[in-house]
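A.B. asks: Sequence below, structure please.
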Amino acid sequence: PSEMCIRDSSSAHPRPVVLVHGTFGNSVDNWLGLAPYLVARGYCVFSFDYGQLPGVPLFHGLGPIADSAKQLAAYVDRVLAATGTPKADLVGHSQGGMMPRQYLKFLGGAAKVGALVGIAPDNHGTTLSGLTKLLDYFPGAADVIGHFTPGLTDQVAGSDFLNRLNAGGDTVPGVRYTVIASKYDEVVTPYRSQFLNGPGVHNVLLQDLCPVDLSEHVAIGLADRLAFHETANALDPAHATPTTCFS
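C.D. replies: A predicted model of the protein is given here:
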């Protein structure tokens, strides 16, 4: 894997962090803000690309989500082998916060993951019109893909994929779940559909921490320092500090 650091198991943050980009995102652009933020705080950070379509560069997360989860499973195995650690933590934005739940539930990921942090994840789906609003943030994307790609239709509320994923409960034992949402999210609506139910779940609404935070779906993952601070709190709850408008 292409890592931003390697740390041994005696470091302050022994579990590596795997960043999982969102729909139309990629392993670099999605994490220009959060990756250095975590590295500066001593985390070993990895990122990868998934859900690629043939002939479509840069814009990923568009393939069938069940296949993307298999890509995540293989990548986590590589990270654990490279770092010599038994578990990783996952941080995902948008689809990247939801897709890992397929890995945790159906592909053995729960034994290899300590925490999943979802930033604006579409855990219970959204509307196709909401997903196509993402096109406005990625110039050129509409020219190279059709709207009805598997990675989009799998995310529509009521899809077969989401029905299977959420049947029997949102969570699996042994994993700590955090969801960080904004009430101004215009892609995953209603925003409360992002939240999870079950043991080991911490749902966070940014405006409860700072009422003047105006981040929408893209900004919350790319640039929001409150979301970054809450992510760090979720990864190291023993040393969490309050998140405020000045975080």
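A.B. asks: which parts of the helix or strand of the chain with the lowest mean pLDDT are buried?
C.D. replies: Least confident helix or strand of the chain, by mean pLDDT, DSSP states H and E, is helix 141-144 with a mean of 78. By 16 or more other C-beta atoms under 10 Å, the buried positions in helix 141-144 come out as Ala141. Where you see a C-beta, it was placed from the backbone N, CA and C, and this is true even at glycine.
A.B. asks: average pLDDT for whichever helix or strand comes after it?
C.D. replies: Going down the chain from helix 141-144, the next helix or strand is helix 150-153, by DSSP states H and E. Average pLDDT, helix 150-153: 91.
A.B. asks: Next secondary structure after helix 150-153?
C.D. replies: Next along from helix 150-153, by DSSP H and E: helix 160-166.
A.B. asks: where's that following helix relative to the chain centroid, distance-wise?
C.D. replies: Relative to the centre of its chain, helix 160-166 is centred 18 Å away, using C-alpha atoms, centre = their mean, to the nearest Å.
A.B. asks: same check, this time on stretch 155-171
C.D. replies: 17 Å.
A.B. asks: All the strands of this protein, in order from the start?
C.D. replies: 17-20, 45-48, 88-93, 113-119, 176-181, 201-205 (DSSP state E).
A.B. asks: how near is the residue most central in space within the chain to Val212?
C.D. replies: Nearest to the mean C-alpha position of the chain, by C-alpha atoms, centre = their mean, lies Gly92 at 1.2 Å. Note on Gly92: its distance to Val212, by C-beta to C-beta, to the nearest Å, is 26 Å.
A.B. asks: For the residue nearest to the residue nearest to the centre of the chain when sequence neighbours are not counted, list each beta-bridge partner.
C.D. replies: Leaving aside its chain neighbours, Gly92 sits nearest to Val20 (3.6 Å; criterion: C-beta to C-beta, 6 or more residues apart in numbering). Val20 forms beta bridges with Phe48, Gly92, as assigned by DSSP bridges.
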